[in-house]
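[1] Build me a model:
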Amino acid sequence: MGKVLSLMGRPLRNYNIENRAHKIISKEKPTPAPKHKSDQIDYERMMKEYPEAFEESQQKHEQLNKYLRDVYVQSHDPVPTLKPKSNPDRPLPVNKSQVEDFEYGVKEPERVPEGRTTLRNALKFITDHHKNPRLHSAEQIAKEYAIPEETINNVLNYFKVYEIYVPEQRKVKAKFAGPSVPRIKVITHPKKQLAAAKGEKDNT
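    Numbers count the residues shown, from 1 in each chain. Purely as a prediction, here's the structure:
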């Protein structure tokens, strides 16, 4: 029902709407919206108690309007500040390009303390020992890299290098390798039959 009434009243609301809109826009001072009841009470109280201030607020200040017209905002880029002083002991990075990935995922230290080794050297002496254990023994490796012999023995015992096995015959036909023992077994031996009771005749 409400929709029907809205459709019926729409032509009346839109009657001569353009002329009415121009009439309201052409007013020098637009009509203010109605105030809330509590705001209206405060408004009237201010008119009674402070009539001079109220009258002053209603007047148009030409000087303030002039100030608003003279205001001109001009934007500009901020002045670049001086470059920070670089500390020679801790210089800032100069090259800002992307760092390439390291060979073993981590950067190798430039200086290795005694009793330590790098990943590259560890892989080297493990591989050498695997190829020729007599020539590259644990004692020889300990002397070469200045690492305790006990540590070298533990490394050679618990760490190995991956090996790649490439078969000579590359084109090999794949064969299905099923389970050696079947999952289901069928029992084929005959079952025992019950003997006929005494006095019973064979019905067959």
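
[2] correct me, but residue 109 touches residue 117?
    No - in this structure, residue 109 is not within contact of residue 117 by CB atoms under 8 Å, at 10.4 Å. Where C-beta positions appear, they are placed from N, C-alpha and C, glycine not excepted.

[3] How many neighbouring residues does residue 117 have?
    Close neighbours of residue 117, defined as other CB atoms under 10 Å, add up to 19.

[4] OK, contacts around the closest residue to it other than its chain neighbours?
    The spatially closest residue to residue 117, leaving aside those adjacent along the chain, is residue 145, at 5.4 Å (CB to CB, 6 or more residues apart in numbering). By CB atoms under 8 Å, 6 or more residues apart in numbering, the contact list for residue 145 reads 117, 121, 125, 152.

[5] Make TSV from those and add distance to residue 140 and pLDDT to it.
    Listed next are those as TSV, based on distance: CB to CB, whole Å; pLDDT from 0 to 100:
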residue	distance to residue 140	pLDDT
117	14	91
121	14	92
125	9	94
152	9	93
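
[6] Nearest to residue 48, out of the residues you listed: which one, please.
    Of all those, residue 48 sits closest to residue 117, with 95.1 Å by CB to CB.

[7] Surely the closest one and residue 147 touch.
    Yes - using CB under 8 Å, residue 117 is in contact with residue 147, at 6.1 Å.

[8] how much space between the residue nearest to residue 117 and residue 104?
    Going from residue 145 to residue 104 by CB to CB, to the nearest Å gives 17 Å.

[9] what's the domain layout of this protein?
    Domains of the chain are assigned by automatic domain parsing as 36-68, 119-158.

[10] Residue 160 is in contact with residue 123, isn't it?
    No - taking contacts as CB under 8 Å, residue 160 lies outside contact range of residue 123: 10.6 Å.

[11] Now for the residue nearest to the spatial centre of the chain: which residues touch it?
    The chain has residue 98 as the residue nearest its centroid, 20.6 Å off, counting by CA atoms, centre = their mean. By CB under 8 Å, 6+ apart, the contact set of residue 98 is empty.

[12] Report the secondary structure state of it.
    The three-state assignment at residue 98 reads coil, by DSSP: H, G, I helix; E, B strand; the rest coil.

[13] how about low-confidence regions in the chain?
    The chain contains residues with pLDDT under 70 at 1-2, 82, 84, 167-204.

[14] Just the CA trace of the host helix or strand of residue 39, in CSV.
    Element membership of residue 39, judged by DSSP states H and E, is helix 37-49. Taking C-alpha atoms only, helix 37-49 is exported to CSV below (Å, rounded to 0.1, in the frame of the first residue of the first chain):
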residue,chain,number,x,y,z
LYS,A,37,14.3,21.3,20.3
SER,A,38,17.2,21.4,22.9
ASP,A,39,19.4,23.4,20.4
GLN,A,40,16.5,25.9,19.9
ILE,A,41,16.2,26.4,23.6
ASP,A,42,19.9,27.2,23.9
TYR,A,43,19.7,29.4,20.9
GLU,A,44,16.9,31.5,22.4
ARG,A,45,18.7,31.7,25.8
MET,A,46,21.8,33.0,24.1
MET,A,47,19.8,35.7,22.4
LYS,A,48,18.4,36.9,25.7
GLU,A,49,21.5,36.7,27.8
